[in-house]
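J.: test case, fold it:
(chains A and B)
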Amino acid sequence: MIPGALREAVARDGETIVHVPRERLLEVMTWLKQTPGQEFDYLVDVTAVEYRDRERALEIVYFLRSLKRRMDLRVKVELDPAEELWVDSVWELWHGADWLEREVFDMFGVTFRGHPDLRRILMWETYAEGYPLRKSFPLRGRFSRAEQVRQALNANPEAHYSLEELSIADAAGDLPDEMRDRLRRGERGVIPDPPSP
Amino acid sequence: MSKRTVELELATPGVDTAGRPQRVPLTANAEPDLGAEHMLVNIGPQHPATHGVLRLVVELDGETVVRCIPHVGYLHSGFEKLGEYRHYNQIIPLTDRTDYLSPMANNVGFALAAETLMGIEITPRCTVLRVIACEMSRIISHMVWLGTTSIDLGAFTPFLWAFQERERIYDLQEMWTGARLTTSVTRVGGLMADIPDRFVEKVREFTQTFPKTLGEIDRVLTRNAVWVGRTQNVGALTAAEATNYSLSGPMLRASGVAYDVRKDKPYLGYETYDFDVPVGEHGDVYDRYLVRLEECYQSNRILQQAVDRLPDGPINVDDPRVILPSKTRAMSDMEAMIFHFKQVMEGVKAPVGEAYVGIENPKGELGNYLVSDGTAKPVRWRIRPPSFINLSALPKMAEGHLLSDLIAINASVDIVMGEVDR
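T.: Residues are numbered from 1 along each chain as shown, chains lettered A, B, ... in the order given. Model (predicted):
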C-alpha cells in the first residue's frame, strides 16, 4: 500500500487506481518517483474528469509509468466542485506536466499551485466564456453565436500576447488596460461576470 | 523592433574543423550592454515552416534563440467535448480528424479503448486487419514527415519520392474504405468493412517495391553533407530529459530510451510479429531521422507478415447488441430490426468504469481514456495527444540554437496541429 493513499481500485483495463488526498499529493508523488522499487519516472498524462452527477467530486487523474519496471499506475485526487479547485503542481517532478496542467487549467479551471507559467493554452488569453470541458458549460458556448462573432471581429490581434513577451518588445502599452492590470496582478484566465440579458 | 542600428563585425567562425557548424553566441565584445538589444520575432501561425497553425514567439540575440514561446490552439475544435454528446461509434469519425496524417491508427486506438471498456474480444481477422491499418498509417505519416522536413532543410527531391509512396497507400485506403483521409475504418467490436478483392495482392506489391524508395532516400540523405550538418547535434535531448518531458514515440527512442508500446505493452498481438525497435543514441534531429527511416522498414516487415497470416473468418464480433445487423437482415428479420433500431437510437451502452488504452502511433503514444457512467455516451473522452506533449519540449530543445535550427528542430518533432489542438 502506498503511504498516504485513501483507497485503491482497479480500472476496467486492469490498471490500479490509487486515490490520494489533495493535501498529500505532492508528498505521495515524490515518494512514487524517488523510492527504489517504485521509480515512476515518466508522466504519461494528466487530465480531469467531471461526472454528469453534479454531486460527485471532480477528479484529477495522473497516469504514471515506470520505464524501468514497465509498470503503470493511475493516481486520482478528488476535488469538491463547490469549493475552490486547486491542487499542487507536479511540474518540479516531471517537466512534461507543464502543458498538461495548463490544459486542465484551461479546460476545467483547476489551479495548479506552484506551476511556473499557468496560462490558458488552447483557448486564448482573453477567453471569457469559462472552462469548456466543465459539465455546466453548454456545448455551443455561453455566449450567443452573434456575440461570439462580434467579439471575434472586435478582437485586438495583439491581445493574446502575454505581457511577458511584450515587455521584450516594449509594446506592453498596446494591451487593453483591464488586461494589463489583470496580468500585472498575476491573475490569469478569470471569468468575468456574464453579460446581463 | 530595435531602436538603433547595431553595427558590429560578426567575425564568427562558421564551421569547426570537422565541418560541423559551430555555434558562437553573437554577443558584442565592444559594447556589453548590447546584450539587452534582443529582437522579438513572430513566426506563424500562417507560415509553411511551422507545419500548420503553430505560432512561435522567438526572442533572438542576433541569430541565436534566447527564448521560444509556442502558442497553440488555433485549430482547437473541442473534440473531447463533442465526444461527451455522442455514442461510441459516432466518435470514430472525430478521431480521423485529430491526427489527420494517420487516420486509420487513430480509429484503431479509439476502438480498442471502447472495447476494453465494454469487455469485447475482437475476432482474429479483425486483429490482423487492424495491424495492417496501423502500419499503413505509420508509413504514410513518416513519409509526410520525411518529405516536409527535407523541404524545410532545402532538399526537394526526397519530398517527391516520399509523397509518391504515400499516394500508393492512400490508394489502398481508398480501396478499403472509399475515403483517402477520413477513413473511419473501425467500429466498436469490428470494422466498417472487410477488405476488397485484390487488396492483399496490392499490399504485397507495395511492400515489395517500397524498400527501394527508402533505399533511395537513405542514399540521398543519410550521408549528405548538408543534411548531416544541419541535423547532427541540433536539438539534442538526453535520455533523462526526454523521459522527464514525457516524450514518446520516435522522439523518445531517438534519445536512447527503448520504450515502444508495441513491445512493452502489446496490443493487437504485436508480440507475435517479428520486428525490431530502432533506438537512437544522441537524441538529435539526425537520430530522429534515422529512427523514423528504420521504422518504415520495420513497418514494411510487419505488413508483409500480416498479409501472410491474414486468417479467414468474420471481421465483427458475434454480438447483436454491439454490431449493427446488415441492412438486408434488418429489413427482413424482426429481431434484427429491433437491434438495429436500438443501436441507432440508443447507442451501445458501456458498463460503469474507465479504461485507458495507449497505442504506438507514428507520432508517439496515442492514449484514449474513456470514463463511462453506464450510458451510451462517455462521461469523459480524453485523447493523450503525442505531438502536443512532444511539442512542449520545443523551447527546451531550441534555446541556444540558431533561428534556422529552430525550423529543423520544430520539423523533427513531427507535429500535426489537428492533434495538438484537438
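
J.: which residues of chain A fall in helices?
T.: Ranges of helices in chain A, per DSSP state H, are A:25-34, A:97-108, A:145-154, A:163-168, A:177-184.

J.: so which of those comes closest to B:I69?
T.: Proximity to B:I69 (C-beta to C-beta) singles out helix A:163-168 among those, at 6.0 Å. Any C-beta I mention is one placed from the backbone N, CA and C, and that applies to glycine too.

J.: in the chain, where is pLDDT below threshold?
T.: In the absence of a named chain, this looks at chain A. For chain A, the stretches with pLDDT under 70 are A:1, A:155-176, A:178-197.

J.: try again with chain B
T.: In chain B, residues with pLDDT under 70: B:1-37.

J.: tell me the centre residue of it?
T.: Nearest to the geometric centre of chain B sits B:K363, at 2.7 Å (C-alpha atoms, centre = their mean).

J.: that one and B:R384 touch, don't they?
T.: No: using C-beta atoms under 8 Å as the test, B:K363 is too far from B:R384 to be in contact (11.0 Å).

J.: check the gap between the residue nearest to the centre of chain B and chain A for me.
T.: Distance of B:K363 to chain A, given as C-beta to the nearest C-beta, to the nearest Å: 15 Å.

J.: could you pull out the strands for chain A?
T.: All strands of chain A, identified by DSSP state E, fall at A:7-10, A:16-20, A:42-49, A:58-66, A:71-79, A:86-88, A:111-113.

J.: redo those as CSV? Include distance to A:T35 and mean neighbour count.
T.: As requested, the strands of chain A are exported to CSV (distance: least, C-beta to C-beta, whole Å; neighbours: other C-beta atoms under 10 Å in any protein chain shown):
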stretch, distance to A:T35, mean neighbour count
strand A:7-10, 17, 11
strand A:16-20, 14, 18
strand A:42-49, 15, 24
strand A:58-66, 11, 22
strand A:71-79, 13, 19
strand A:86-88, 19, 18
strand A:111-113, 23, 17
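
J.: tell me which of these lies nearest to B:A350.
T.: The nearest among the strands of chain A, by C-beta to C-beta, is strand A:42-49 at 14.7 Å.

J.: apart from its chain neighbours, what residue comes closest to residue 133?
T.: Answering for chain A, as no chain was given. Leaving aside its chain neighbours, A:L133 sits nearest to A:M107 (4.0 Å; criterion: C-beta to C-beta, 6 or more residues apart in numbering or on different chains).

J.: let's do chain B instead
T.: Spatial nearest neighbour of B:A133, chain neighbours left out: B:M104 (3.9 Å); criterion: C-beta to C-beta, 6+ apart.

J.: and the host helix or strand of that neighbour, what does it pack against?
T.: If you go by DSSP states H and E, B:M104 is part of helix B:103-118. Packing partners of helix B:103-118 (3 or more C-beta pairs under 8 Å, 6 or more residues apart in numbering or on different chains; DSSP states H and E): helix B:88-96, helix B:124-152, strand B:186-187, strand B:353-361, strand B:364-372.

J.: can you list those in a markdown table and add mean neighbour count?
T.: Below are these laid out as a markdown table (neighbours: other C-beta atoms under 10 Å in any protein chain shown):
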| stretch | mean neighbour count |
| --- | --- |
| helix B:88-96 | 22 |
| helix B:124-152 | 24 |
| strand B:186-187 | 25 |
| strand B:353-361 | 25 |
| strand B:364-372 | 26 |
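
J.: go through the ones you listed and name the closest to B:R230.
T.: Taking C-beta to C-beta, helix B:124-152 is the member of those nearest to B:R230, at 9.3 Å.

J.: and the closest one, what does it pack onto?
T.: Counting by 3+ C-beta pairs under 8 Å, 6+ apart, helix B:124-152 packs on helix B:103-118, helix B:157-177, strand B:190-191, helix B:199-221, helix B:285-309, strand B:353-361, helix B:403-413.

J.: and these, which is most packed in?
T.: Burial of these is given as mean neighbour count (mean count of other C-beta atoms under 10 Å in any protein chain shown); helix B:103-118 ranks first at a mean of 27.

J.: chain center to that helix: distance?
T.: On the basis of C-alpha atoms, centre = their mean, to the nearest Å, helix B:103-118 sits 16 Å off its chain's mean C-alpha point.

J.: repeat for stretch B:332-341
T.: Worked out by C-alpha atoms, centre = their mean, stretch B:332-341 lies 40 Å from the chain centre.

J.: buried stuff in it?
T.: Within stretch B:332-341, the residues that qualify as buried by neighbour count (16 or more other C-beta atoms under 10 Å in any protein chain shown) are B:A336, B:F339, B:H340.

J.: for chain A, what is the nearest residue in the stretch 51-200 of chain B?
T.: B:G73 (4.0 Å; C-beta to the nearest C-beta).

J.: quick one on the thing from earlier: ok, which of the helices and strands packed on helix B:124-152 comes nearest A:F63?
T.: strand B:353-361 (6.6 Å).

J.: what's that closest one in contact with?
T.: Around strand B:353-361, the neighbours that count as contacts under C-beta atoms under 8 Å, 6 or more residues apart in numbering or on different chains are A:11-13, A:15, A:44, A:49, A:63, A:74, B:99, B:102, B:105-106, B:108-109, B:112-113, B:116-117, B:134, B:137-138, B:141, B:249, B:260-262, B:265, B:267, B:365-372, B:384, B:386.

J.: can you check what angle separates it from strand A:16-20?
T.: 120 degrees (axes from the mean of the first three to the mean of the last three C-alpha atoms, to 10 degrees).

J.: can you tell me the strand partners of strand B:353-361 and which way each runs?
T.: Using DSSP bridges, strand B:353-361 pairs in its sheet with strand B:364-372 (antiparallel).

J.: and the strand it pairs with, how far out from the chain's middle?
T.: 15 Å.

J.: ok, the residue in chain B that chain A sits nearest to - how many residues close by?
T.: Sorted by distance to chain A under C-beta to the nearest C-beta, the residues of chain B start with B:S246, at 2.7 Å. Per other C-beta atoms under 10 Å in any protein chain shown, the neighbour tally for B:S246 reads 29.

J.: now it: how far from B:V261?
T.: 14 Å (C-beta to C-beta, to the nearest Å).

J.: contact partners for the nearest residue to A:Q148 once chain neighbours are set aside?
T.: Spatially, and ignoring its direct neighbours in sequence, A:Q148 is nearest to A:G141 (6.3 Å; C-beta to C-beta, 6+ apart). Residues near A:G141 by C-beta under 8 Å, 6+ apart: A:E129, A:P132, A:Q148.

J.: for those, which one is nearest chain B?
T.: Nearest member of the contacts of A:G141 to chain B, counting by C-beta to the nearest C-beta, is A:P132, at 5.8 Å.

J.: dihedrals phi and psi, the closest one?
T.: When read as degrees, to the nearest 10, the backbone of A:P132 gives phi -60, psi -30.

J.: does it touch A:M107 like I think?
T.: Yes: contact between A:P132 and A:M107 holds when scored by C-beta under 8 Å: they sit 5.7 Å apart.

J.: A:Q34: neighbouring residues, count only.
T.: For A:Q34, the count of nearby residues is 12 (other C-beta under 10 Å).

J.: how close does it sit to A:E27?
T.: Counting by C-beta to C-beta, the gap from A:Q34 to A:E27 is 11 Å.
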